[in-house]
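**Q** I need the structure of the sequence given here:
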Amino acid sequence: MIPGTAYGFLSPLHILEILMIPLSLFWLIRWTRTHSRQTARQLLYGMAIAVPLLELMRILWLVWLGEGYWVKLLPLHLCGLQVFFIPLAVFSRSLPLRSYVWATSILGGITAIVYPAGIVGTYPFFHFQTFQSFALHLLLILTPVLMFLADDYSPRLSQLPSVIAILGGSALCAFAVDWIWGQNYMFLREVPEIGFLQAIMKLGGYPAYWLTLGAAVIAGCTLLLAFGQYWKKRD
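**A** Coordinates of the predicted model:
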């Protein structure tokens, strides 16, 4: 990486990325109102296929750069796992899977664009990794919304237990890989550079950190399900 070329956190370019979230959502909502449900579903299927393809592009790029340690290439972060869950949810139309994608994919996508750990401060704005990450996480937001708008998905707070069950199983898989192979998927082994999380880790160790992290994710999932339920009632 050329020194001095990485774009910074909340720099004008980063703010532009963040603004693309509401702009893209506004466009998607307007687009669905002017196109047939069949056309919207075709777009939904295309998005569901594009998500794993974007992740595959990142993996191939890392291999091309010389990263041969397979454990580092696993998509085991909350966002990375959506390469499996989104296609399964869209094509199977399973209610538990669609609920999980609604509650966690939007949450992960927004978090990763607002706080792009490993991207901002590391890569230039005009770089493959920057664009790949932004495109993937934007799709993680737009795909569940389109599923809601065009594919008869209705979020309900009653779906929270199934969301927590799938989330817990995913976290256990990430936990096993982290401790066996020394990785940090889902940030379960090393605390991200966020002040209050580091303070909690110092005060209460891993139990306090994991409880805080889990509570924050579950709270976000709860809010998204509640918002989706309210939105559906208004429509």
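
**Q** could you give me the average pLDDT of stretch 174-188?
**A** In this model, stretch 174-188 carries a mean pLDDT of 95.

**Q** so where is the chain shaky, pLDDT-wise?
**A** 1-4 (pLDDT under 70).

**Q** ok, which stretches of it are strands?
**A** For the chain, applying DSSP state E gives no strands.

**Q** Please, where are all the helices along it?
**A** Per DSSP state H, the chain carries helices over the ranges 12-34, 37-64, 82-92, 95-114, 128-150, 160-181, 195-234.

**Q** Please identify the buried residues of the fourth one?
**A** Neighbour counts over helix 95-114 (16 or more other C-beta atoms under 10 Å) mark 97-113 as buried. Glycine gets a C-beta too; all of them are placed from N, C-alpha and C.

**Q** now the third one
**A** Within helix 82-92, the residues that qualify as buried are Q82, V83, F85, I86, P87, L88, A89, V90, counting by 16+ other C-beta under 10 Å.

**Q** Columns distance to G169 on top of these, output as TSV?
**A** Listed next are the buried residues of helix 82-92 as TSV, based on distance: C-beta to C-beta, whole Å:
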residue	distance to G169
Q82	15
V83	16
F85	11
I86	17
P87	18
L88	14
A89	15
V90	20
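
**Q** Outside of stretch 161-175 itself, which residues are in contact with it?
**A** 76-78, 81, 85, 95-97, 99-100, 103-104, 185-186, 188, 214, 217-218, 221, 225 (C-beta atoms under 8 Å, 6 or more residues apart in numbering).

**Q** tell me the contacts of E67?
**A** For E67, the contacting residues are L73, by C-beta under 8 Å, 6+ apart.

**Q** Same question for Y185.
**A** By C-beta under 8 Å, 6+ apart, the residues touching Y185 are L74, L76, H77, G80, A174, V177, D178.

**Q** most surrounded residue in the residues you listed?
**A** Within the contacts of Y185, A174 tops the neighbour count with 23 neighbours, counted by other C-beta atoms under 10 Å.

**Q** Distance-wise, check that one relative to S158.
**A** From A174 across to S158, the span is 27 Å (C-beta to C-beta, to the nearest Å).

**Q** Repeat that for F175.
**A** For F175, the distance to S158 equals 28 Å [C-beta to C-beta].

**Q** Of the two, which one has the most company?
**A** Applying other C-beta under 10 Å to F175 and S158 shows that F175 carries more neighbours, namely 16 against 10.

**Q** and the gap between that one and A208?
**A** 16 Å.

**Q** do the same with I113
**A** Using C-beta to C-beta, I113 is found at 28 Å from A208.
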